[in-house]
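[1] Got a predicted model here, sequence first, then my questions.
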Amino acid sequence: MLKGIGKALQDALDGKETAESPAPATSPLLNAHRRRILEYLSLRPFTTGGKIASDLKMSSSSVVWHLRSLVSGGYVVHRHDEKVYYPKDFVDPADADLFITLRTSKRRDALRSIVESPGISKVELSGAMNASRQTASKVASELEKLGLVTVAIDGRFTRLYPTNVLKDKQEKQHLRARAFVERILTRLEDERQSPQVLRRTETELQLRIGKGRGKGVLSIPLDPYGTLVN
């Protein structure tokens, strides 16, 4: 054997087949904008592309392009009926109406007031919301329909009480989030992105992924239900 000839070359000269090392798989998450979008959707699932673009101060066309990549890559689901997006296998799809309803600050403010002041009247709620009684009554009815509040008649007052629905959903989310974390770690390993866990709690997953110039950090909030009244 000639000195200096590598093993692969010598095997080729000897007629031996060599197995090539597979090239690292690409991942949509190597793009910083896509990581930001996934992080955002983990905190606010069932959000429209336009709202994402507005909140992240990105162009609508850029957001649509990145969302398509995340959807085709299996990280995000596009719900066509409401034109909203959410992380795949992360939250209960049946809770779309809950997140969509609480997308506006006025409804979140109303729910927060009821949680902080159980038994608040609709009159008091309108004051807390800085809204008309008609608006407060409409929002209270929406929250009642979602099962988030119950209504009790107290003489001439209609009083509102929070239920345990949101708390129960939050508890179930902890279990779902653990499974989600394992899936995303496995997925990134399969894509050969060398995920390194920097922080992992019940409310957050922080990873370093990629190598060299493509390296980046992914921080995923894991408790979207717990932030609905914050």
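    Nice, thanks for sending it over.
[2] Which neighbouring elements make contact with the host helix or strand of Arg36?
    Taking DSSP states H and E as the criterion, Arg36 maps to helix 32-43. Packing partners of helix 32-43 (3 or more CB pairs under 8 Å, 6 or more residues apart in numbering; DSSP states H and E): helix 49-56, helix 60-72, strand 76-79, strand 84-87, strand 216-221. Glycine gets a C-beta too; all of them are placed from N, C-alpha and C.
[3] residues in contact with it?
    Helix 32-43 is touched from outside by 28-29, 47, 52, 55-56, 58, 62-63, 66-67, 69-70, 75-76, 85-87, 90, 216-222, 224, 227, with contacts defined as CB atoms under 8 Å, 6 or more residues apart in numbering.
[4] before we move on, the earlier item: winner for burial among the helices and strands packed on helix 32-43?
    Per-stretch averages of neighbours, counted by mean count of other CB atoms under 10 Å, single out strand 84-87 among those, with a mean of 23.
[5] What is the distance between that one and the centre of its chain?
    Here strand 84-87 is found 7 Å from its chain centre; the criterion is CA atoms, centre = their mean, to the nearest Å.
[6] if we look at it, which residues are touching it?
    Here strand 84-87 makes contact (CB under 8 Å, 6+ apart) with 38, 41-42, 45-49, 52, 67, 70-71, 75-79, 93, 96, 99-100, 180.
[7] before we move on, what about stretch 91-98?
    Contacts to stretch 91-98, defined as CB under 8 Å, 6+ apart, come from residues 45-46, 77, 79, 82, 84, 86, 99, 146, 148, 169, 172-173, 176, 224-225, 228.
[8] Buried only: go through these for me.
    Among the contacts of stretch 91-98, the ones that count as buried by 16 or more other CB atoms under 10 Å are 45-46, 77, 84, 86, 99, 146, 148, 169, 173, 224-225, 228.
[9] Out of those residues, which comes closest to Glu124?
    Glu124 has its nearest neighbour among the buried ones among the contacts of stretch 91-98 in Leu148, at 17.5 Å by CB to CB.
[10] okay if I get the buried ones among the contacts of stretch 91-98 as JSON lines plus secondary structure and pLDDT?
    Listed next are these as JSON lines, based on DSSP: H, G, I helix; E, B strand; the rest coil; pLDDT from 0 to 100:
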{"residue": "Pro45", "secondary structure": "coil", "pLDDT": "97"}
{"residue": "Phe46", "secondary structure": "coil", "pLDDT": "97"}
{"residue": "Val77", "secondary structure": "strand", "pLDDT": "97"}
{"residue": "Val84", "secondary structure": "strand", "pLDDT": "97"}
{"residue": "Tyr86", "secondary structure": "strand", "pLDDT": "98"}
{"residue": "Phe99", "secondary structure": "helix", "pLDDT": "96"}
{"residue": "Leu146", "secondary structure": "coil", "pLDDT": "96"}
{"residue": "Leu148", "secondary structure": "coil", "pLDDT": "97"}
{"residue": "Lys169", "secondary structure": "helix", "pLDDT": "95"}
{"residue": "Gln173", "secondary structure": "helix", "pLDDT": "94"}
{"residue": "Pro224", "secondary structure": "coil", "pLDDT": "95"}
{"residue": "Tyr225", "secondary structure": "helix", "pLDDT": "94"}
{"residue": "Leu228", "secondary structure": "coil", "pLDDT": "87"}
